[in-house]
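Trainee: let's see this in three dimensions:
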Amino acid sequence: MMIMRKKYLPSVLSGMVLLLLVSCMNKPVATSNENNCLCGTECYQKYDKSKKSMSYSKKYTNADFYKDGRFQQDVAMEAMKDMFAFYDIPFTELMAKDMWVTDFGLGDFEHVGMGGIFWVNNEKYGYFAHAIYLLPGQMIPEHAHVATRYPAKHESWQVQKGWAYNCSEVGEVTSGFPEIPATHGPVKSRNYVIQKVGEVLPLKELATFHFLMAGPEGAIVSEWATYHDNAGLRFTNSNAAL
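Mentor: Predicted structure coming up:
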């Protein structure tokens, strides 16, 4: 009997595998939790597709970002990491070391603020690469870059995730302009385009005012530019500071 079991065991195992494969081909797969699925590959595909059909949305407010009137940078970082996780952006060791968050001193990170990292800012060769991280509805304060002992900064942006209002003082006033937070105050940049994933837009004219504001899904943006000299940064709101 032991000899018979050993002889037929491979055939029995092959039959079980075949039955499982047939079952996987015909079995509906739940998408709510991939751990409930027997047919792993199909389940992960459906789970990923379901995730992509969702939109990222605001999860934090100023009640989270401030304690006794003080900006909580650690909470702001966690909010950014939450957005990274949704968009499958790895949080690398370099980001943990060099990434920063700021409310520009305006006390309203929910609406006016950003996260970012300078990948490179090379004074000798005059080039700059920057990642801009904006939570849903968050804007960078309106600003311009003027000449110092360096030329006025020129820059271009590409949206990687989400979308953003790209706003400029150059051009006709665009209807349906997004509401500007009261903590920021009036802006000069009343012309905008909605910039979507993959689109690249340049600064329209040197030394002109401009800003980005994320749509309701947030925005992750790549920026390439000439050398960034912080001394040439000019904000519309005189209380704002980087």
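Trainee: only C-alpha atoms for contact and neighbour calcs from this point on.
Mentor: Will do.
Trainee: where do the helices sit along the chain?
Mentor: 2-26, 40-53, 62-65, 73-86, 93-98 (DSSP state H).
Trainee: out of those helices, which gets the lowest mean score?
Mentor: Lowest mean pLDDT within the helices of the chain: helix 2-26, at a mean of 43.
Trainee: so for the top strand by length along the chain, mean pLDDT?
Mentor: Taking DSSP state E as the criterion, the chain has its longest strand at strand 210-225. The average pLDDT within strand 210-225 is 98.
Trainee: okay, domains of this protein per the record?
Mentor: Per the record, the chain has its domains at 2-53, 62-235, by automatic domain parsing.
Trainee: packed most tightly, which of those domains would that be?
Mentor: Across the domains of the chain, the average number of neighbours (mean count of other CA atoms under 10 Å) peaks for domain 62-235, which reaches a mean of 18.
Trainee: which strand residues bridge the residue most central in space within the chain?
Mentor: With distances taken as CA atoms, centre = their mean, the residue of the chain nearest its centroid is I220 (2.8 Å). Note on I220: beta-bridge partners Y133, K161, judged by DSSP bridges.
Trainee: re earlier: chain center to the longest strand of the chain: distance?
Mentor: 8 Å (CA atoms, centre = their mean, to the nearest Å).
Trainee: OK, contacts around the residue nearest to the centre of the chain?
Mentor: Residues counted as contacts of I220 (CA atoms under 8 Å, 6 or more residues apart in numbering) are A131, I132, Y133, L134, V159, Q160, K161, G162, W163.
Trainee: okay, the first one: pLDDT?
Mentor: In the predicted model, A131 carries a pLDDT score of 98.
Trainee: that one against E223, yeah?
Mentor: Yes: using CA atoms under 8 Å, A131 is in contact with E223, at 6.1 Å.
Trainee: where's T226 relative to S168, distance?
Mentor: 19 Å (CA to CA, to the nearest Å).
Trainee: spit out the contact partners of E142.
Mentor: V187, S189, F209, H210, F211, F235, T236, N237.
Trainee: for I180, same thing?
Mentor: P186, V187.
Trainee: count the residues that sit near S55.
Mentor: By other CA atoms under 10 Å, 12 other residues sit near S55.
Trainee: ramachandran angles for the nearest residue to P186 once chain neighbours are set aside?
Mentor: Counting by CA to CA, 6 or more residues apart in numbering, P186 lies nearest to I180, which is 7.4 Å off, once chain neighbours are set aside. Backbone geometry at I180, expressed as degrees, to the nearest 10, gives phi -90, psi 130.
Trainee: I180 and K67: what is the separation?
Mentor: For I180 relative to K67 (CA to CA), the value is 24 Å.
Trainee: what does F84 give?
Mentor: Taking CA to CA, one finds F84 at 24 Å from K67.
Trainee: what do you get for G115?
Mentor: On the measure of CA to CA, G115 and K67 end up 19 Å apart.
Trainee: ok, N230 next?
Mentor: In terms of CA to CA, N230 sits 29 Å off from K67.
Trainee: got it, and A85?
Mentor: Applying CA to CA to A85 and K67 gives a distance of 25 Å.
Trainee: then M80?
Mentor: With CA to CA as the criterion, M80 and K67 are 18 Å apart.
Trainee: swap in V159?
Mentor: 32 Å.
Trainee: hang on, T148 packs against A231?
Mentor: Yes: applying CA under 8 Å as the test, T148 and A231 come out as touching, 7.1 Å apart.
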